[in-house]
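Undergrad: give me a model of this one.
(3 chains)
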Amino acid sequence: MEKFQLKMKVNGRTVTVAVEPGLRLLDVLRDVLHLTGTKEGCGEGECGACSVILDGELVDSCLVLAPQAHGKEVVTIEGISREGELDALQRAFLTAGAVQCGYCTPGMILAAKALLSRNPNPGRQEIARGISGNLCRCTGYAKIVKAVELAAAELQQKEGAAGV
Amino acid sequence: MKKRGYGIGSMWYGIGSTAATNPSGAFVDFLDDGTAIVMSGCADIGQGSTTVLAQIAAETLGVGLEDVVVITADTGMTPDSGPSSASRQTYISGNAVRLAAEKAREQVIAKAAEMLDLDPGEIRLRDGQVWYEEEPAGKTMIEVIAQCRGEGILTLGHGTFNPATTKLDPATGQGVPYATYAFATQIAEVEVDTETGIVEVKKIVAAHDVGAAVNPQNVEGQIEGGCSMGVGYALLEEVVVDGGEIKNPGLSSYLIPTALDMPEVFPMIVEAQEPSGPYGAKGVGEPALVPTAAAIANAVADALGIRLYDLPLTPERIVAAIKAAASSQHE
Amino acid sequence: MSETCVVGKSAPRVDGPAKVSGKSQYGADIDIPGALFLKVLRSKTPHGMVKRIDVAEALKIPGVVRVFTHADVPGENSYGIIVKDQPALTDQVRFRGDALALVAAETEEAAKQALEVIKVEIEELPPLYDVWSAMAEKAQAIHAKGNILTVSRVKKGDAAAALRTAAVVVSRRYTTQRVEHSYIETEAGVAYMDNGILVIKAGTQNPHYDRRDVSRVLGLPMHKVRIIQAATGGGFGGKLDISVQCFLGLAALKLGRPVRMVYDRRESIAATGKRHPFLVEYTSAADREGKLLAVKAKIIGDTGAYASYGPATLNRAAVHATGPYEVPNVDIEALCVYTNNPFSGAMRGFGTPQMAFAAESQMDLLAQELELTPLEIRRRNVLRPGSLTATGQRLDHSVGISATLEAAWEKAGRVMPGLGGEVK
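TA: Residues are numbered from 1 along each chain as shown, chains lettered A, B, ... in the order given. Got it, this is the predicted structure:
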């Protein structure tokens, strides 16, 4: 089969790779680029463990074929901390105790990030809706919702401070 | 019509394997610079055992949590700590780590007593210092460990713990299956739509006697997660098997609770200290889930005045039960 | 007890930073250059004897390195935490999901193609799908010792006499369903040889047990097998059993090459243990004041094709059948039964969530008969220091059930305004 020349931006860096056109974005990230922070849980877009942000939108990377990501910008869990410093959401997940087995965590953090970029000050119900495509079997979601609230508050405060 | 109901579910749960030996071992190496390495076979599968074991070791050694590293679950390096099952790791492996840390600590205390010419029974280790009668005694732990190591004494400790149980009589089941039990009561509030049969769990209060919470946030996390699994068990989840074949082998057909399915959960930690537990602790992993479906089922019965005897309480079953009750009333 | 410094504090998880940054290495994340992919051919037939497995076509597929069957297992071809009844690769099929052949290939695609062309001849046996037909006298035995695997009994006092004379007796039948653990991470791992030692890295709840059964199945001394737990994405009892470990070990040992395998969700659900479906016939009796006099229960659990943790589940169910109450007369019988269904094993609670559903329903039914509130009937019966359990164990300390009941009730009164005074 003829390979597809996939060019996309991943976590701020442009990458060009030749891949089978039937390959999923998830496989490109994990197997070709070795970004294994993106997890596979179900392979049918139900669990959200493979969530990444594609041109600002949260997607299940198991449902995106490699050519569909061509020319686009992908953010994975590896791309949200800066120079080794954790993102506000990552820190909030630690503070709130929102991590147990951790397998849903990367996707959950990206879902929360996509939510906060649309709605910087979500209520609990909006947070629950924002992460409802991401399954967690350990936490019962309570501390995940709390973590998103914490991060939102911190980001709001920073923005307020920056505005002054 | 929407009907509201409330239900109680209480439970008890024996910590550790039933009427069987289930020991755990641990090693502690108290190092020259006052930091420590703990080796335990205990597998952390998300429940947080590695953090809890680090806390127990740090507490026992009198050092900070950041001074402890726990190496876990590697048969080439760690002793057998048994399964991460039966809600046993905090109680059993926690005790093994505590005992191992005590052995390492005893050597430091003995040397400190000798160096300071004090009664070892009155010496405590805390915050990196040697303490005597609630005052720093003038030596740091690092100085004492250096003295030990200089004299060829390695400050190592090994601990094993096996809960005190007996076998059960095969005919009558009489005996002591567990050394200790966790207890819990959960109360659920539900709203049942009598037209659709859909049950919405509104709130769950979950009070759990864990002996003592080594890490309260972890305990809450276990309780909240258990309630979520319990909501799934009560209302949503069933592996459908027909002719020996699973008909819903995927997460699109086997549904578990999402964030939108979860009620507000109020976790409550009750601490009936267990004298044989590490710092009074028992366990919480499984108890978190055990009474949830029972509480929800009782709440549904309270709401409808009709009881269902088969899990899960699906909309189809609820509508059928309401219809059956109505037609039997007419007769 | 003196005040503690670290214990009792909500310290952040030590493995948290690696998990929030996506750096934790779960079984499927371990990069192992040159590793072969493994795939398992699973039975679609529920019950039968394997007559022949023809792998010739599979071996012709480019990239396929080897296909293993039961004939290639070097040690004892059976494992299990309690009963060694489950073969790594089988010559006798007991459920739709039994492992028949293991393919090792250079690519996952080649391994998958190989599964399509392996020919298996099975002489079918009549399948048994429910516990009643499995327990019937002339039922075909799924395992050599018959289909009733264990019977657990807890007997104290004289339940029959108490039931005859009690003021209130409530008798009901309960059923509970088969449940999937649904950890978000499916089973996965890698294996390789390291200076004569077989190293297996996989998600697991019990690495030291894994070592015992891998060593048994592969005929290796225990010190030549090293199991390292990979970061594990949830377990809930489902990762207490052997899953990928023996496959990984067999292929790495025989081929001398690193290997890896990952179950997809379908395989994870089809091939691993479930929560036991229970059938419970439960009778409780109380006196006029609502004091429990007797509990009699018969519990049947469908453990499916293999024992896994079934005996422990049914035994724990029997021991906990009364709920957290003091009951002077107890007669419990719990049966663990083989069928040709997918196997059931450990799942969070080991039979006690099933029993809590039955026992707590019974408490409310008794309360209704006696015109007591659910709270009051529990207050009158909960275990207290000095109480004797169903197994005759005297509880001396740390008996917090009453404290949880009162704490939950007090809190519920505040957060559930509709609760009013008492639960009806």
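
Undergrad: and the helices in the chain?
TA: By default, I'm working from chain A. Secondary structure of chain A (DSSP state H): helices at A:25-27, A:88-96, A:105-118, A:124-130, A:142-163.

Undergrad: correction: the question concerned chain C.
TA: Under the criterion DSSP H, helices of chain C are mapped to C:16-20, C:56-60, C:108-117, C:131-135, C:159-165, C:207-218, C:245-255, C:265-271, C:310-319, C:352-370, C:374-379, C:401-415.

Undergrad: adding mean pLDDT, distance to residue B:24 and mean neighbour count, write those out as a markdown table.
TA: C-beta: built from backbone N, CA, C; applies to glycine. Listed next are the helices of chain C as a markdown table, based on pLDDT from 0 to 100; distance: least, C-beta to C-beta, whole Å; neighbours: other C-beta atoms under 10 Å in any protein chain shown:
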| stretch | mean pLDDT | distance to residue B:24 | mean neighbour count |
| --- | --- | --- | --- |
| helix C:16-20 | 98 | 24 | 23 |
| helix C:56-60 | 98 | 44 | 14 |
| helix C:108-117 | 98 | 38 | 18 |
| helix C:131-135 | 98 | 35 | 18 |
| helix C:159-165 | 98 | 37 | 16 |
| helix C:207-218 | 98 | 10 | 24 |
| helix C:245-255 | 98 | 21 | 24 |
| helix C:265-271 | 98 | 29 | 21 |
| helix C:310-319 | 98 | 18 | 28 |
| helix C:352-370 | 98 | 22 | 25 |
| helix C:374-379 | 98 | 34 | 21 |
| helix C:401-415 | 98 | 26 | 20 |
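
Undergrad: wait, residue C:340 touches residue C:46, no?
TA: Yes - counting by C-beta atoms under 8 Å, residue C:46 is a contact partner of residue C:340 at 4.5 Å.

Undergrad: what touches both of those two?
TA: Listed contacts common to residue C:340 and residue C:46 are B:244, C:94, C:95, C:127, C:129; contacts here mean C-beta atoms under 8 Å, 6 or more residues apart in numbering or on different chains.

Undergrad: for these, give me CSV that also has pLDDT and distance to residue B:154.
TA: Below are the shared contacts of residue C:340 and residue C:46 laid out as CSV (pLDDT from 0 to 100; distance: C-beta to C-beta, whole Å):
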residue, pLDDT, distance to residue B:154
B:244, 97, 58
C:94, 98, 52
C:95, 98, 52
C:127, 98, 61
C:129, 98, 60
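
Undergrad: rewinding a little: right, so the helices of chain A: which one is the most enclosed?
TA: When you average the neighbours per residue for each of the helices of chain A (mean count of other C-beta atoms under 10 Å in any protein chain shown), helix A:105-118 leads with a mean of 25.

Undergrad: coming back round to it: among the helices of chain C, which is nearest residue C:174?
TA: Ranking the helices of chain C by distance to residue C:174, with C-beta to C-beta as the measure, places helix C:352-370 first at 4.3 Å.

Undergrad: okay, angle between the closest one and helix C:310-319 too, please.
TA: For helix C:352-370 against helix C:310-319, the angle by axes from the mean of the first three to the mean of the last three C-alpha atoms, to 10 degrees is 20 degrees.

Undergrad: what packs against helix C:352-370?
TA: The contact analysis (3 or more C-beta pairs under 8 Å, 6 or more residues apart in numbering or on different chains; DSSP states H and E) places helix C:352-370 against strand B:2-14, helix B:292-304, strand C:168-175, strand C:278-286, strand C:292-304, helix C:310-319, helix C:374-379.

Undergrad: looking at these, which is nearest to residue B:156?
TA: Smallest distance to residue B:156 across these (C-beta to C-beta): 33.1 Å, for strand B:2-14.

Undergrad: quick check: mean pLDDT across stretch B:211-219?
TA: Averaging pLDDT along stretch B:211-219 gives 98.

Undergrad: I'd like the average pLDDT over stretch B:245-253.
TA: 98.

Undergrad: now check it, is it near chain C?
TA: Yes - using C-beta under 8 Å from any C-beta of the partner chain, stretch B:245-253 comes into contact with chain C via B:245, B:246, B:249, B:250, B:251.

Undergrad: interface residues of chain B facing chain A?
TA: Residues of chain B lying close to chain A (C-beta under 8 Å from any C-beta) are B:45-48, B:217-218, B:220-221, B:224-229, B:250-252, B:256-260, B:262, B:264-265.

Undergrad: next step: these restricted to helices.
TA: Among those, the residues falling in helices (DSSP H) are B:217, B:218, B:220, B:221, B:224, B:225, B:226, B:227, B:228, B:229.

Undergrad: which residues touch stretch B:297-308?
TA: Against stretch B:297-308 from outside (C-beta under 8 Å, 6+ apart): B:3-9, B:188-192, B:194, B:199, B:201, B:234, B:311, B:313, B:317-318, B:321-322, B:325, C:357, C:360-361, C:364-365, C:374, C:423-424.

Undergrad: residue C:340 and residue C:46: which has the busier surroundings?
TA: With neighbours defined as other C-beta atoms under 10 Å in any protein chain shown, residue C:340 and residue C:46 compare such that residue C:340 has more, 29 against 25.

Undergrad: tell me the contacts of the spatially closest residue to residue A:102 that is not a sequence neighbour?
TA: Leaving aside its sequence neighbours, residue A:102 sits nearest to residue C:19 (C-beta to C-beta, 6 or more residues apart in numbering or on different chains; 3.2 Å). With C-beta under 8 Å, 6+ apart as the criterion, the residues that contact residue C:19 are A:99, A:102, A:105, C:13, C:231.

Undergrad: so residue C:139 sits right up against residue C:128, yeah?
TA: Yes - when contacts are counted by C-beta under 8 Å, residue C:139 is listed as touching residue C:128 (6.0 Å).

Undergrad: anything in contact with each of those two?
TA: Common neighbours of residue C:139 and residue C:128, counting by C-beta under 8 Å, 6+ apart, are residue C:147.

Undergrad: more neighbours, those two?
TA: residue C:128 (26 against 17).

Undergrad: ok, the closest residue to that one other than its chain neighbours - contacts?
TA: Leaving aside its sequence neighbours, residue C:128 sits nearest to residue C:134 (C-beta to C-beta, 6+ apart; 4.4 Å). Neighbouring residues of residue C:134 by C-beta under 8 Å, 6+ apart: C:128, C:142, C:147, C:337, C:338, C:339.
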